[in-house]
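S.K.: starting from these lines, generate the structure:
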Amino acid sequence: MKKFTVFSGFLGSGKTTAMMALTQYYTEHFAKAAMISNDLGHGVNLADNRFAQLSGCNASEMTEECICYQNEALAERLNSYYDSGCELIMSDIPGFGVGALEHVYHGLTAKFPGQFELAPFTVMTEPRIVELLRGGTAGDLEYIYDTQLEEADLIVLNKCDLISDGKKAEYAAWLSEHYLHARIICISALRGEGMEELSLALKNGKASMRRPDIGYGGNAFMNAMGQMSEYYLQYHATVCCNDFDGTAYLRSIAEKVRDDARDAGREVPHLKLLAWEPEGDFGKVDLIGTDRDIEVNHDFARPCTQIAVVINASAVCPAEELDSILTQAVKGISNEYQLELIVYKTECFGMGG
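M.R.: Reported below is the predicted structural model:
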């Protein structure tokens, strides 16, 4: 069996955490699995892929553009995994992306007929997004939230550990009512809950290969995408005077970005900060909205004297302004910690062109 599935879903819905949990669970209980992190940034070892590898997952990445436009490279990557004994492979797409059902599933089918068995097209969501859709308060981003779910064969409501059983049932019922073509599964990727049901749904299910009219390239699409910007930074930091707490350092940067973006009236749906030392110890911190607390996914186990850092951010903010917010936060917090920085790569660009 050569199963492949796409994990779509908005920024901060937990796609990476879910793919990591699923890769490990599926490998332990069924057969070898692997995950692909897809990112628009250039370079290698961006935050999601590096975090997955540091956590022991069978993972790789495809960068520079969405897998929607890399059918041949994706097919080559899939075949290399299958040749190594993998049975299930999953890849995400950028968290504001739509259209992967057409571009990836139908693209692979047209160019490589019969080579891959496509599992249900999977879309991750979370309670806050469901609340925004139910309340009609999603603004211009409603097109992305709604369209991603409309493409789904399988909707995965993640972060169910944060809500009551009653709310979970309520949200699942609403999703079932509004997205009639999709099966709903509730999970907590962070706690590993729901992995058996999700594994079986992908192992035994098949893609419907529907072609919903999502208005790709239309005004709603352009308005939503025109608000989004991406930021990438890779650097090395050395402590000049004493050991320091790497996790606290990452957290301080995230807090500074959150506060400055909120003060400017901007939103940062997902900011990922990952750092590691030469011996392999690492820390991971996330910001998934300016109205939320900082999330520490992994703590450094001990003080360190040098770290490599990767920062990825997606924001509802003009690129020039996002670049300023992130650059000033890193510079200011690094100065507070008396760090010496060597910057290897930085880029920031708007999705509207």
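S.K.: output the below-cut-off pLDDT ranges for the chain.
M.R.: Scanning the chain for pLDDT under 70 picks out 43-45, 352-353.
S.K.: what's the closest non-adjacent residue to the residue lying farthest from the centre of the chain?
M.R.: Note on the chain: the largest C-alpha distance from the chain mean falls to Cys241, namely 35.8 Å (CA atoms, centre = their mean). Excluding the flanking residues, the one nearest Cys241 by CB to CB, 6 or more residues apart in numbering is Gln338, at 5.6 Å. In this view, the C-beta of every residue, glycine as well, is placed from N, C-alpha and C.
S.K.: count of neighbours near the one you found?
M.R.: Neighbour count for Gln338, taken as other CB atoms under 10 Å: 12.
S.K.: with Thr247 as the reference, measure out to it.
M.R.: From Gln338 across to Thr247, the span is 17 Å (CB to CB, to the nearest Å).
S.K.: same question for Gly99.
M.R.: Taking CB to CB, one finds Gly99 at 37 Å from Thr247.
S.K.: the residue nearest to Cys241 against Thr238, yeah?
M.R.: No: because the distance of 9.9 Å does not satisfy CB atoms under 8 Å, Gln338 is recorded as not touching Thr238.
S.K.: intersection of neighbour lists for these two?
M.R.: Residues touching both Gln338 and Thr238 (CB atoms under 8 Å, 6 or more residues apart in numbering): there are none.
S.K.: ok, now how distant is the residue nearest to Phe282 when sequence neighbours are not counted from Gly192?
M.R.: Distances taken as CB to CB, 6+ apart place Trp276 nearest to Phe282, at 3.8 Å, with adjacent residues excluded. Distance from Trp276 to Gly192, counting by CB to CB: 23 Å.
S.K.: more neighbours: the two, which one.
M.R.: Between Trp276 and Gly192, counted using other CB under 10 Å, the more crowded position is Trp276 (22 against 15).
S.K.: shouldn't the residue nearest to Phe282 be in contact with His298?
M.R.: No: with contact defined as CB under 8 Å, Trp276 does not count as touching His298 (9.8 Å).
S.K.: what's the first helix or strand after whatever helix or strand Val130 lives in?
M.R.: Element membership for Val130 (DSSP states H and E) is helix 127-135. Sequence-wise, the next helix or strand downstream of helix 127-135 (DSSP H and E) is helix 142-150.
S.K.: elements contacting that next one?
M.R.: strand 122-125, helix 127-135, helix 219-225 (3 or more CB pairs under 8 Å, 6 or more residues apart in numbering; DSSP states H and E).
S.K.: ranking the ones you listed by burial, who's on top?
M.R.: Neighbour counts (mean count of other CB atoms under 10 Å) averaged over each of the helices and strands packed on helix 142-150 peak at strand 122-125, with a mean of 28.
S.K.: that one pairs with which strands?
M.R.: According to DSSP bridges, strand 122-125 has the following sheet partners: strand 3-9 (parallel), strand 154-157 (parallel).
S.K.: reformat those as CSV; add mean neighbour count.
M.R.: Listed next are the strands paired with strand 122-125 as CSV, based on neighbours: other CB atoms under 10 Å:
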stretch, mean neighbour count
strand 3-9, 26
strand 154-157, 26
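S.K.: out of those strands, which is closest to Met90?
M.R.: strand 3-9 (5.0 Å; CB to CB).
S.K.: now do the SS call for Val257.
M.R.: Counting by DSSP: H, G, I helix; E, B strand; the rest coil, the backbone at Val257 sits in helix.
S.K.: oops, could you answer that again for His236 instead?
M.R.: Classified using three-state DSSP, His236 is strand.
S.K.: find the nearest non-adjacent residue to it, please.
M.R.: Using CB to CB, 6+ apart, the nearest residue to His236 is Ile342, at 4.6 Å.
S.K.: cool, Val285 as well?
M.R.: With sequence-adjacent residues excluded and distances taken as CB to CB, 6+ apart, Val285 is closest to Leu250, at 4.1 Å.
S.K.: distance of the residue nearest to Phe282 from Leu54?
M.R.: The gap separating Trp276 from Leu54 is 6 Å, by CB to CB.
S.K.: anything in contact with each of those two?
M.R.: With CB under 8 Å, 6+ apart, Trp276 and Leu54 have common neighbours Phe282.
S.K.: still on that earlier bit, nearest to Ala319, out of the strands paired with strand 122-125?
M.R.: Among the strands paired with strand 122-125, strand 3-9 comes nearest to Ala319, with 23.2 Å by CB to CB.
S.K.: gap between whichever helix or strand comes after the closest one and the chain center?
M.R.: Using DSSP H and E, the helix or strand that follows strand 3-9 in sequence is helix 15-29. Computed by CA atoms, centre = their mean, to the nearest Å, the chain-centroid distance of helix 15-29 equals 14 Å.
S.K.: residues near Ala169, how many?
M.R.: Residues lying near Ala169 (other CB under 10 Å) number 12.
S.K.: OK, contacts around it?
M.R.: Not one residue lies near Ala169 by CB under 8 Å, 6+ apart.
S.K.: likewise Glu87?
M.R.: 1-3, 26, 30-33.
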